[in-house]
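my questions concern the predicted model and sequence given below.
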Amino acid sequence: MSDFSHLDEKGQATMVDVSAKQVTQRTATARSVVALPAEVLEKFAENDIQTKKGAVFQTAVLAGIMAAKKTGDLIPLCHPLGLDNCHITIRVNEQQEVEIDCTASVTARTGVEMEALVGASVAALTVYDMCKALSHDIVIKETKLLEKTGGKRDFKRA
């Protein structure tokens, strides 16, 4: 019917059968970018933003890792994976935006792009949630896959 892997020959949604694929080491890195207004960035101290709710970046890291582990429960046709690792870094870039990178890895028959994207996304949403009391002028600008290895082909965004 189509080139979409999650549609069967009748156009119905289906989980991709990966049973014939080789088990390989797979990694993926995704990035979310959050623009914060100056009144929020003024709270930045000791490599984190301090709010009444606590350290924003530390909480976002934990939320992102927890979300990456639950990707199979959140995305209907995603295979549930037991991640080998999930690492999240958060920094403020030169444009005074918060960059959140999530790298997930697994040894499996299917990739971890969705886990990396979910991890970065939920970490960004957590930054928003913890900072919204300071300002609603917060924008989650983008979430994108930066790189993946393993499987049919590697990918790296230029």
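Yes, it's here.

where does the chain dip in pLDDT?
Applying pLDDT under 70 to the chain flags the ranges 1-2.

need the longest helix for it.
Counting residues, the longest helix found in the chain (DSSP state H) is helix 113-131.

so which other helices or strands are in contact with that one?
Packed against helix 113-131, as judged by 3 or more C-beta pairs under 8 Å, 6 or more residues apart in numbering; DSSP states H and E, are the following elements: strand 24-35, strand 48-51, helix 56-69, helix 71-74, strand 85-92, strand 97-108, strand 139-149. Backbone N, C-alpha and C define where each C-beta goes, glycine included.

select, out of these, the one closest to residue 132.
Residue 132 lies closest to strand 48-51 among the helices and strands packed on helix 113-131, at 9.8 Å (C-beta to C-beta).

so which bits of that closest one are buried?
48, 49, 51 (16 or more other C-beta atoms under 10 Å).

tell me the one among the residues you listed nearest to residue 62.
After measuring these against residue 62 - C-beta to C-beta - the closest member comes out as residue 48, at 12.7 Å.

for the closest one, list each beta-bridge partner.
In this entry, residue 48 is beta-bridged to residue 45, by DSSP bridges.

which residues touch residue 6?
Contacts for residue 6 (C-beta atoms under 8 Å, 6 or more residues apart in numbering) come out as 13, 14, 15, 16, 77.

ok, it to residue 89 distance?
Taking C-beta to C-beta, to the nearest Å as the criterion, residue 6 is separated from residue 89 by 31 Å.

same deal with residue 17?
Residue 17 is 35 Å from residue 89, by C-beta to C-beta.

and those two? which has more neighbours close in?
residue 89 (14 against 9; other C-beta atoms under 10 Å).

bridging across strands, which residues link to that one?
residue 101.

sorry, back to before: what would the buried residues of strand 48-51 look like in a markdown table with distance to residue 35?
Formatted as a markdown table, the buried residues of strand 48-51 follow (distance: C-beta to C-beta, whole Å):
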| residue | distance to residue 35 |
| --- | --- |
| 48 | 17 |
| 49 | 13 |
| 51 | 17 |
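
and which of the residues you listed is nearest residue 94?
Of the buried residues of strand 48-51, the one sitting nearest to residue 94 (C-beta to C-beta) turns out to be residue 49, at 17.5 Å.

hmm, the closest one is touching residue 131, no?
Yes - with contacts counted by C-beta atoms under 8 Å, residue 49 reaches residue 131, the gap being 6.7 Å.
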